[in-house]
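K.L.:
Predicted model and sequence follow; I will ask about them next.
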Amino acid sequence: MKFRMVDRVFAYEPRRSIRGAKTVSFEEYQLKAAFGDEAHLPETLLLESFFQLGNWLIVLSSDFTQMGMVVRTERIVFDAPVRPGECLVMDLTVRRYRDDGVLFDGKGCVAGRQVAVGIGCLAAPVPLADYCDPEDLQVLFGEIHQPRKETLT
């Protein structure tokens, strides 16, 4: 089973930045409340959304020849939960893009309020074709790429 944690890519600049979103569905089974808490996207899956968006930037920057494997993160802060029906808008910026590693920073917001920040995520580029079909990803990107002129917060 694969989790698709990026629903839309709004904009990207190869080797520099990417903006995308994950809308949290009311039907996602992983949202069941545990221990009496309100339903929310678990922090691990919120983090996976960031990783997948960063991976899209590596895939797009390499013309569908490479993808990224997360090596480490320096710091991650979760400020607020992301609840069913909310749209997590993520902005990732590249600090360094080299053949041996891509270093990202990112933040996520819901309705203009910051819910998560990630500093220093390092991903090692690897051959994309070793892990998935590049043509399948091109089709998927055609479905989720929705460029917009207005700014989402």
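P.N.:
Nice, I can see it.
K.L.:
strand partners of the strand with the most length in the chain, parallel vs antiparallel please.
P.N.:
Secondary structure of the chain per DSSP state E: the longest strand is strand 113-127. Within its sheet, strand 113-127 is paired with strand 66-78 (antiparallel), strand 101-110 (antiparallel), according to DSSP bridges.
K.L.:
Pick the most buried one from those.
P.N.:
Of all the strands paired with strand 113-127, strand 101-110 has the most neighbours on average by mean count of other Cβ atoms under 10 Å, namely a mean of 21. Every residue, glycine included, has its C-beta placed from N, CA and C.
K.L.:
Tell me where the chain has helices.
P.N.:
43-61, 134-144 (DSSP state H).
K.L.:
residues of the longest one that come out buried?
P.N.:
When neighbours are counted by 16 or more other Cβ atoms under 10 Å, the buried residues of helix 43-61 are found to be 45-61.
K.L.:
tell me what that helix is packed against?
P.N.:
Applying 3 or more Cβ pairs under 8 Å, 6 or more residues apart in numbering; DSSP states H and E, one finds that helix 43-61 contacts strand 8-13, strand 17-23, strand 66-78, strand 87-98, strand 101-110, strand 113-127, helix 134-144.
K.L.:
cool, the last one as well?
P.N.:
Helix 134-144 is packed against strand 8-13, helix 43-61, with contacts defined by 3+ Cβ pairs under 8 Å, 6+ apart.
K.L.:
Now do that helix and helix 43-61, the angle between them.
P.N.:
Angle of helix 134-144 versus helix 43-61, following axes from the mean of the first three to the mean of the last three Cα atoms, to 10 degrees, is 110 degrees.
K.L.:
Extract the CA atoms of helix 134-144 and return them as CSV.
P.N.:
The C-alpha trace of helix 134-144 is given here as CSV (Å, rounded to 0.1, in the frame of the first residue of the first chain):
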residue,chain,number,x,y,z
PRO,A,134,9.1,7.2,-14.1
GLU,A,135,6.2,7.1,-16.6
ASP,A,136,3.7,6.4,-13.9
LEU,A,137,5.0,9.3,-11.9
GLN,A,138,4.7,11.6,-14.9
VAL,A,139,1.1,10.6,-15.2
LEU,A,140,0.5,11.2,-11.5
PHE,A,141,2.3,14.6,-11.7
GLY,A,142,-0.1,15.6,-14.6
GLU,A,143,-3.0,14.9,-12.2
ILE,A,144,-1.7,16.8,-9.2
